[in-house]
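Colleague: next comes the sequence, and after it the predicted model I'd like to discuss.
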Amino acid sequence: MTEFDDEMRILREAMVREIEQSAADLSQDIGGRVLSPRVMAVLRDVPRHLFVPPQHLADAYRNRPIPIGYGQTISQPFIVALMTDLLNLAATDRVLEVGTGSGYQTAVLAKLVEDVFTIETCAPLSERAAETFAELGIGNVRSRIGDGYLGWPEAAPFDAILVAAAPLEVPDPLIQQLAPGGRLVVPVGGQAQQLILVEKQSDQSTVLRDIIPVCFVPLTRQGGSR
Ligand code: SAH
């Protein structure tokens, strides 16, 4: 391990402690939830610095969002941890992500499950993320450029779906593509957004739970509408 890698590992460890502190501070808001050790182990492992633009390298392990170009941001690490944790993933799960962005969240998911499908509207971001997956030897991600509101019908059903941009309502196609017992985590709203967990029951009915207020970029549809 080089000195640089070692330095990054130390910063990653500090980031993980900050995330755990945020979870403790927000414990009441997030229903007393403790982030699972499996998720935290992955956050200790994934080199977030490879997913941020070089000019933001110094901020790679701060617990905050960072601009990644094209008006988009890499999500705040605490939110990545919380959303991943809410999905309650099993190793054999098939997961859909909407809003690949930098690919950091995708890489976290790819370390936890067998198959990850990820959709991004912005072609250069999708391509850049795919390059980073290749660099890291992550081979269980399938990427697509397109409108994630519509999901990925050919690959459905999914055990878990994570949406990293905010629609005004929970997208119906995503609920359709959720397997019975499946979980969908999505920020919903305009100015004021709420992170919502949707659980699909074995009888296909859904249970929605409000988690916490969040601030995501809008989920944009073809033509720029929401
Ligand atoms: N998880 C990513 C978050 C990126 S921000 C990361 O940590 O890097 C959200 C991303 O959603 C942006 O890259 C944006 O281009 C993308 N996006 C917005 N609307 C979308 C849509 N309808 N379908 C797919 N991706 C969308």
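Modeller: On my side now, so go ahead. In this text, all values refer to a predicted model and were calculated from it rather than measured experimentally.
Colleague: measure stretch 188-204 end to end?
Modeller: Its start and end residues considered, stretch 188-204 measures 21 Å (C-alpha to C-alpha, to the nearest Å).
Colleague: and the longest strand belonging to the chain, which residues are buried?
Modeller: Longest among the strand segments of the chain by residue count, using DSSP state E, is strand 178-189. Under the neighbour-count criterion of 16 or more other C-beta atoms under 10 Å, strand 178-189 has 178-179, 182-189 buried. Heads up, the C-betas are built off the backbone N, CA and C, glycines and all.
Colleague: buried residues, the helix or strand hosting residue 15. List them.
Modeller: Under the criterion DSSP states H and E, the helix or strand holding residue 15 is helix 3-25. Taking 16+ other C-beta under 10 Å as the neighbour-count basis, helix 3-25 is seen to contain the buried residues 8, 11-12, 15-16, 18-20, 22-23.
Colleague: show the backbone phi and psi for residue 85.
Modeller: phi -60, psi -40 (degrees, to the nearest 10).
Colleague: that one contacts residue 36, doesn't it?
Modeller: Yes. Residue 85 lies in contact with residue 36 (C-beta atoms under 8 Å); the separation is 5.5 Å.
Colleague: with neighbour numbers in mind, choose between the two.
Modeller: Here residue 85 and residue 36 are set side by side on neighbour count (other C-beta atoms under 10 Å), and the busier one is residue 85, at 19 against 15.
Colleague: residues contacting that one?
Modeller: With contacts taken as C-beta atoms under 8 Å, 6 or more residues apart in numbering, residue 85 has the following neighbours: 33, 35-36, 39.
Colleague: how much space between it and the ligand?
Modeller: Distance from residue 85 to the ligand, counting by C-beta to the nearest ligand atom, to the nearest Å: 15 Å.
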